[in-house]
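Asker: what would the 3D arrangement of this be:
(one chain, ligands or ions: 1)
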Amino acid sequence: MLSRTLRKTLSSPVYRRAITSHLSSRTASLSPRLIAPPLSCAFQHHAFSTAVKADESASSSSPSSAPFVPSASRKYQYFTNVEVTPHGVAIVKFDNPTKKVNTLSFSVMREAQALWNEVAANPAVKSVVFTSAKDSCFIAGADIFDVSSVEDKSALVPVIEEALNFFLKIKEKGVPMVAAIHGPALGGGLEWALWCDYRICTDSSTTKMGLPEVKLGLLPGFGGTQNLPALVGVQKAMDMMLTGKDIRHDKAKKMGLVDLVVAPQCLESVAIQTAEGLANGSIKKSKPKAKSWMDRFIEDTPPGQYMMWNKIKEMVDKNTGGNYPAPYAIIDCVKYGLAHSSGLDKYKHEREEFAKLAATKESEALIGIFDAMTQQKKNPSKVDPIAVKKVAVMGAGLMGAGIAQVTAEKGYEVLLKDRDDTSLGRGINYMTENWEKKHKRKRMTKHQFDINCSRVTPLSDQTESWKRHFASADLVIEAVFENLDLKRKIIQQVEEVTPDHCVFATNTSAIPIASIAAPGPEVKRPQNVVGMHYFSPVPSMPLLEIIPHAGTSEEALATAFAVGTKQGKTCVVVKDVPGFYVNRCLGPILVEVSALVKEGVPLETLDKAMKKFGMPVGPITLIDEVGVDVASKVATFLASADLGKRMGGGDLSLMTNMVEKGWTGRKANQGFFTYSGKKDKKIGPEVKAYLKEFTGGKVSNMSEADIQDRIASRLVNEAAKCLEDEIIENPVAGDIGLVFGIGFAPFKGGPFRYLDAVGVSSYVDRMNGFASSLGEQFEPCQLLKDYAASGKKFHG
Ligand SMILES: C/C=C/C(=O)SCCNC(=O)CCNC(=O)[C@H](O)C(C)(C)COP(=O)(O)OP(=O)(O)OC[C@H]1O[C@@H](n2cnc3c(N)ncnc32)[C@H](O)[C@@H]1OP(=O)(O)O
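Answerer: Numbers count the residues shown, from 1 in each chain. Okay, the predicted model is just below:
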């Protein structure tokens, strides 16, 4: 009988995804070099400097280490000068001039102490407003790269203690403090706001508040595990901290996270008036919202708490598979705080747990993913993309409609075209139903819903004006059937009616881009053709492979990358080879799965082993979900491509036979599993009989480790071979591609981080062992052998 909030949030797919996929946030790099020379203020302390010294070498490569030359009139590096209004409101504005976002780096925290000395010493100050001078961001959190650059993580304990002392010190002055938030207020940024007496945020769509530390394998260390539950209640706080999700202005107001929501134009003036009102007593300080009787029972009585913590633990176990230590540490800190509510011990416990988490390999891997995501946002092209306003999508099937949806959501004008009105109608329905769901779940306002709908112009061959519409398209993305002639015919149609600059992107998973773009009567502008390989379902899959062919212009590549990034995808540029990168790596796994099934490994055992390895679903369930027909086609195609022995060792008739029987997976309610209802699946008698025939009645009791290593090694080896053959540019792209493309265990950070962690040399030995007992398909690629011999690591 847990309250609705908790039940809903813990069982929501968002929660599950957040913990298992870690896909949504972004982070980036820190700048230890920015740490200023010791300040002469009384507050200046050893802790920040000590932690920094721990890894001074990291500073030189930091992207945020651009030199800052303070102007004569500006006193601080990370804050604008403090202004004090005639009514005694001190306005403190965060402003890191060398970065797009403000972060709480060691040096910022140290400078904050000097700044506070100035504020505290001014008797005219009666209240304080903390805000940002940047239009785009309040504070993105503690500087992640400061955290990761400290080699001995126990050195973080005194650093955080120093920050905590700072927050306690600013409270000590006893003047009311207002946080005025516009743009992201995340992690330590929101924690700063939680130390204030009043929080105001703007109603901008860019304003979001959250404690996403869990996605980095960390916990909120600036008092967040204590101050957030005290403000919004334990259940809502756990939801925020365990999912790391963003909270928008309306929900923030409803749950009591902020006191007031205003338009961006009014933020500063309202904040100043509020600060004045708090100082003169005309406005009351923010108080936690009154709890419902149910929430009081759950959060404040022993039986309620017992049930609540059991439920939370159960959900965390289920959703993390025990592979992520951070959620457990968050639970522990909140429980500890409830048991030691008075005194400062709870903060001590929190920072000690933070430092322990920061030292885990899981946190290192997750920070690696965020760093990689940030790096992948940078357009690799040397030229500017063309300015795209209008995007035409050809084909209104699931892929086309999904592409149109994410394109319209990001503000582009969209033309969605299919052959006839029936196919077009299906695509439009798909999109509007998705938007309706978002609207119902309050993730989209009615206004946004209407705007999105109005951005899409449906067109079919019967629409007389379609050619006129296409005359102003800047980018066409085709998502029609996988048929070379059809795709080339579409290019011909499009080239006739679009302007010369129009880029043509083809969404194919198998046909070489070079064949689609081969110059001829159908293709007159091959330089404009580029591959954009989306993953299904497009609205929720975060990855996009971008595939130039040899003749693709830099401008077309830059444009595809820019649009893909704006669509919210993490883009990886890959070579035009069969399967590109992600599907190419999937091929050897599919073969190995067929080999293991043939040897008699039970299907459930296979799934269980790979879930334990950290995959979001096991390979058998994965095949059923993507479709046995699709998986079979990919595997058969790759087996006939250039992978040679790396596609050997299995028996793909496992899947081709199933396709013939119509067992195409979940979509047909029958694949390896028989599905009834949303959750129920079992292995039916027909499949059992089929498997008995396929295996010759063999039953294997292979160890979990062997299953995991056999499947993972074929995947990892293929990823390394792709790096060797320059199909991917670097290990960062390789990690992101497989984490976001097939859900490779995020806490392992991707295949290359995994190899670094287990040691390439021992991995090569393990593969060689398999190769001698099972066959040459396990032979490690040359790059792995070279790394093993040299002891080199893929990441630093
Ligand atoms: C005890 C407390 C612990 C913590 O607080 S842990 C940190 C928790 N915070 C987060 O996890 C937030 C991470 N950041 C983000 O989610 C996104 O960023 C934003 C939503 C804030 C902004 O997104 P967008 O506008 O797309 O910018 P962008 O390309 O992601 O970042 C711009 C630059 O800002 C750097 N950056 C962002 N957040 C952090 C951070 N927390 N620490 C260090 N650097 C950060 C990036 O690297 C990049 O830098 P470059 O331009 O040099 O590539």
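
Asker: quick check, Thr565 in a helix?
Answerer: Yes - Thr565 sits within a helix when classified using DSSP: H, G, I helix; E, B strand; the rest coil.

Asker: my read: it touches Asn379, true?
Answerer: Yes - at 7.4 Å, Thr565 counts as touching Asn379 under the criterion of CB atoms under 8 Å. In this view, the C-beta of every residue, glycine as well, is placed from N, C-alpha and C.

Asker: let me see the contact set for whichever residue of the stretch 101-250 of the chain sits closest to the ligand.
Answerer: Closest residue of the stretch 101-250 of the chain to the ligand, CB to the nearest ligand atom: Gly187 (2.3 Å). Applying CB atoms under 8 Å, 6 or more residues apart in numbering to Gly187 gives the contacts Ala140, Gly141, Ala142, Gly210, Leu211, Pro212, Glu213, Pro220, Gly224.

Asker: number of nearby residues for the fifth one?
Answerer: By the measure other CB atoms under 10 Å, the count of residues near Leu211 is 31.

Asker: cool, the one 10 residues further on as well?
Answerer: If you count neighbours by other CB under 10 Å, Gly221 ends up with 29.

Asker: which secondary element of the chain has the worst mean pLDDT?
Answerer: Here the helix or strand of the chain ranked lowest by mean pLDDT, DSSP states H and E is helix 13-21, holding a mean of 35.

Asker: among the contacts of Gly187, which lie within strands?
Answerer: Gly210 (DSSP state E).

Asker: out of the contacts of Gly187, which are close to the ligand?
Answerer: Ala140, Gly141, Ala142, Pro212, Glu213, Pro220 (CB under 6 Å from any ligand atom).

Asker: phi, psi for the residue lying farthest from the centre of the chain please.
Answerer: When distances to the mean C-alpha position of the chain are computed (CA atoms, centre = their mean), the maximum falls on Pro123, with 46.2 Å. With angles defined as degrees, to the nearest 10, Pro123 sits at phi -70, psi -20.

Asker: begin at 883 from now on, thanks
Answerer: Taking 883 as the first residue, the last one we looked at is Pro1005.

Asker: quick check: which ranges of the protein have low pLDDT?
Answerer: 883-954 (pLDDT under 70).

Asker: and if we set it to 50?
Answerer: Along the chain, the model assigns pLDDT under 50 to residues 883-950.

Asker: host element of Leu1536?
Answerer: For Leu1536, the host element (DSSP states H and E) is helix 1535-1542.

Asker: which ones among the contacts of Gly1069 map onto helices?
Answerer: Gly1106 (DSSP state H).

Asker: quick one: the helices in the stretch 983-1132 of the chain, in order.
Answerer: Using DSSP state H, counting those that start in this stretch, the helices assigned to the stretch 983-1132 of the chain run over residues 988-1002, 1026-1031, 1038-1054, 1070-1076, 1106-1114, 1116-1125, 1131-1137.

Asker: and those as TSV, adding mean neighbour count and distance to Phe1554?
Answerer: Shown next, in TSV, are these (neighbours: other CB atoms under 10 Å; distance: least, CB to CB, whole Å):
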stretch	mean neighbour count	distance to Phe1554
helix 988-1002	21	52
helix 1026-1031	25	41
helix 1038-1054	19	47
helix 1070-1076	27	44
helix 1106-1114	23	43
helix 1116-1125	25	31
helix 1131-1137	18	40
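
Asker: which one of those lies closest to Met1540?
Answerer: Closest approach to Met1540 among the helices of the stretch 983-1132 of the chain is made by helix 1116-1125 (37.0 Å; CB to CB).

Asker: helices and strands around the closest one, which ones?
Answerer: Counting contacts by 3 or more CB pairs under 8 Å, 6 or more residues apart in numbering; DSSP states H and E, helix 1116-1125 is packed against helix 886-893, helix 895-903, helix 1106-1114, helix 1175-1182, helix 1184-1202, helix 1207-1221.

Asker: tell me which of the ones you listed lies nearest to Ser1031.
Answerer: Of all those, it is helix 1207-1221 that lies closest to Ser1031, at 19.6 Å by CB to CB.

Asker: can you list contacts of the closest one?
Answerer: For helix 1207-1221, contacts defined as CB under 8 Å, 6+ apart pick out 901, 1095-1096, 1098-1102, 1107-1108, 1111, 1116, 1119-1120, 1123-1124, 1187, 1191, 1194-1195, 1198, 1202, 1228, 1231-1232, 1235, 1238-1239, 1242, 1244-1245.

Asker: now do the contacts for His1321.
Answerer: Counting by CB under 8 Å, 6+ apart, His1321 has contacts Thr1327, Lys1328, Gln1330, Phe1331.

Asker: and those residues, which of them are in helices?
Answerer: If you go by DSSP H, the contacts of His1321 have Lys1328, Gln1330, Phe1331 in helices.

Asker: so the last one touches Lys1319, yeah?
Answerer: No - assessed by CB under 8 Å, Phe1331 is found out of contact with Lys1319, at 10.6 Å.

Asker: for those two, indicate the residue with more neighbours.
Answerer: Between Phe1331 and Lys1319, Phe1331 has the larger neighbour count (other CB under 10 Å), namely 15 against 11.

Asker: coming back round to it: nearest residue to the residue of the stretch 983-1132 of the chain closest to the ligand other than its sequence neighbours?
Answerer: Ranked by CB to CB, 6 or more residues apart in numbering and with sequence neighbours excluded, the top spatial neighbour of Gly1069 is Gly1023, at 2.7 Å.

Asker: do the same with Asp1647
Answerer: Ala1670 (8.0 Å).

Asker: got a list of contacts for the host helix or strand of the one you found?
Answerer: Element membership for Ala1670, per DSSP H and E: helix 1664-1672. For helix 1664-1672, contacts defined as CB under 8 Å, 6+ apart pick out 1599, 1602-1603, 1605-1606, 1637, 1642-1643, 1645-1647, 1649, 1662, 1674-1676.

Asker: drop anything exposed from the residues you listed.
Answerer: Among the contacts of helix 1664-1672, those buried by neighbour count (16 or more other CB atoms under 10 Å) are Asn1599, Ala1602, Lys1603, Leu1605, Leu1637, Val1642, Ser1643, Tyr1645, Val1646, Met1649, Pro1662, Phe1676.

Asker: pipe these into CSV and attach secondary structure per row.
Answerer: Output for the buried ones among the contacts of helix 1664-1672, formatted as CSV (three-state DSSP):
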residue, secondary structure
Asn1599, helix
Ala1602, helix
Lys1603, helix
Leu1605, helix
Leu1637, helix
Val1642, helix
Ser1643, helix
Tyr1645, helix
Val1646, helix
Met1649, helix
Pro1662, coil
Phe1676, coil
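
Asker: tell me, which of the residues you listed make contact with the ligand?
Answerer: On the criterion CB under 6 Å from any ligand atom, none of the entries of the buried ones among the contacts of helix 1664-1672 sits beside the ligand.

Asker: tell me the contacts of Asp1458?
Answerer: Pro1394, Ile1395, Ala1396, Gly1413, Ile1429, Pro1430, His1431, Ala1432.

Asker: count of residues packed around the first one?
Answerer: By that I understand Pro1394. Pro1394: 17 neighbours (other CB under 10 Å).

Asker: how about the third one?
Answerer: Using other CB under 10 Å as the criterion, Ala1396 is surrounded by 17 other residues.

Asker: which element is it on?
Answerer: For Ala1396, the host element (DSSP H and E) is helix 1395-1399.

Asker: over to the fifth one?
Answerer: Element membership for Ile1429, per DSSP H and E: strand 1425-1430.

Asker: how does the protein divide into domains?
Answerer: Per the record, the chain has its domains at 928-1243, 1272-1455, 1464-1672, by automatic domain parsing.
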